[in-house]
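[1] Sequence plus the predicted model coming up.
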Amino acid sequence: MISEAGVRVKVPASTANLGPGFDTLGMALSLYAWIEMKPAKETEIHLYGDQMKGIPTNKSNLIYEVAQSVFREAGVSLPELEISMYSDIPLTRGLGSSASAIVGALVAANELIGSPLNQAQLFDMATALEKHPDNVGASLFGGVITAVWDGTHAEYLRIEPPIDLEVLVAIPEFQLSTSKARQVLPEQVSLEDAVFNISRTSLFTAAMASGRLDLIRSAMQDRLHQPFRAPLVPGMARILEEATAHGALGAALSGAGPTLLALTDRREQRGMELERFLIEVLSEQGIKARTIWLNPCTQGAQTLTIEKGVKFIDSIEGEVRS
Ligand SMILES: Nc1ncnc2c1ncn2[C@@H]1O[C@H](COP(=O)(O)OP(=O)(O)OP(=O)(O)O)[C@@H](O)[C@H]1O
Ligand SMILES: N[C@@H](CCO)C(=O)O
């Protein structure tokens, strides 16, 4: 049954890899995008917020295309849609903007036609579109996700993030597409490096599950992608090496970058020092960056009630401010 009133979905940003868990680990973050979808006579796409610049407003828009893939899968025809989107998630910076758009569109489109697809089907579709399950798993389910993908089917386990875990991100002004950041990776790795990463990914997952923040420092080391991506983000190698001396539990490139992410223990209160360190190192390399303190987001994509008579952007602005 199609909802004529439309649906609204709020979806979190995410960070992928968390150091060693390349294409495997993800964590949802308290930075959001909102998507509203309604049946329409003629397709209209309204994009709001500074982050949406340059995104197409015709049927080539990712949200529209993903929605149509849900309708095809469910055997429903709904070619004309009114889509509104507001996002605080910066594009092409390593905070899962494409994953949040894909997940938001899948969840909204499915809800719009009465939820014929289950969560596992949505996760498989999201992973097939994004090509790896880490960001989409975190945006769909919230929390910390460890996931595998066999090319058809994705499996995951969701871990509740430790309560004292806090996240500092330094978001450089420049963009770095995932495809560019994947092109620099080697096709083969040594057994030694594979073992290095498997052991740390396992330790990170277990540390999250048991609240052992003290293990994060060793667990966040990586040899599979960060060393090769370091030249793309000047200052990154020093930040990854020295962040723990400035109050971080551990640091990583967020997703494919260029955002750098530090995990902290909110009880330790060394945030200012860490923030200054990240900004200074990037600035020495001529890179302007803004920092944001975030929390792990425990809730994945959620459907919100649409208030009658209130414009999309007015109600979202109310929610962003509150
Ligand atoms: N709301 C949206 N509508 C349409 N296209 C979008 C939207 N959000 C993201 N995209 C597309 O996704 C691209 C960014 O994807 P990319 O994987 O390169 O970076 P990211 O998802 O921000 O970072 P990462 O995957 O490293 O966490 C944008 O350039 C844009 O083409
Ligand atoms: N695991 C992916 C995340 C970015 O989408 C990568 O590092 O390329």
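    Here it is on my side, so go on. Numbers count the residues shown, from 1 in each chain. Ligands and ions are numbered 1, 2, ... in the order given.

[2] residues from this structure in reach of ligand 2?
    16-17, 22-23, 132, 134-135, 178, 181-182, 225, 255-256 (CB under 6 Å from any ligand atom). Just so you know, the C-beta spots here come from the backbone N, C-alpha and C atoms, and that holds for glycine as well.

[3] do that again at 5 Å, thanks
    Contacts of the chain with ligand 2, taken as CB under 5 Å from any ligand atom, map to 16, 23, 132, 178, 255-256.

[4] List the residues that contact the residue in the chain that ligand 1 sits nearest to.
    Per CB to the nearest ligand atom, Gly255 is where the chain lies closest to ligand 1, at 2.9 Å. Gly255 makes contact with 14-17, 94-96, 134-135, 178 under the criterion CB atoms under 8 Å, 6 or more residues apart in numbering.

[5] and the residues of the chain next to ligand 2, which are buried?
    Neighbour counting by 16 or more other CB atoms under 10 Å classes 16, 23, 132, 178, 255-256 among these as buried.

[6] In strands, which of those fall?
    Cross-referencing these against strands under DSSP state E gives Ala16.

[7] How many neighbouring residues does Arg267 have?
    A total of 8 residues lie near Arg267 under the criterion other CB atoms under 10 Å.

[8] swap in Ile287?
    Using other CB under 10 Å, Ile287 has 18 neighbouring residues.

[9] who's the nearest residue to it once chain neighbours are set aside bridged to?
    Nearest residue to Ile287 in three dimensions, chain neighbours excluded: Pro172, at 5.0 Å (CB to CB, 6 or more residues apart in numbering). Taking DSSP bridges, one obtains Ala289 as the residues bridged to Pro172.

[10] Can you verify my assumption that Pro172 contacts Lys288?
    Yes - between Pro172 and Lys288 a contact is recorded at 7.1 Å, counting by CB atoms under 8 Å.

[11] and for these two, which residues touch both?
    In contact with both Pro172 and Lys288: Leu282, using CB under 8 Å, 6+ apart.

[12] Name the residue in those two with the higher neighbour count.
    Pro172 (23 against 11).

[13] The more buried one: what's it in contact with?
    93, 233, 258-259, 282, 287-289.

[14] Give me the buried subset of those residues.
    Buried among the contacts of Pro172 (16+ other CB under 10 Å): 93, 233, 258-259, 282, 287, 289.
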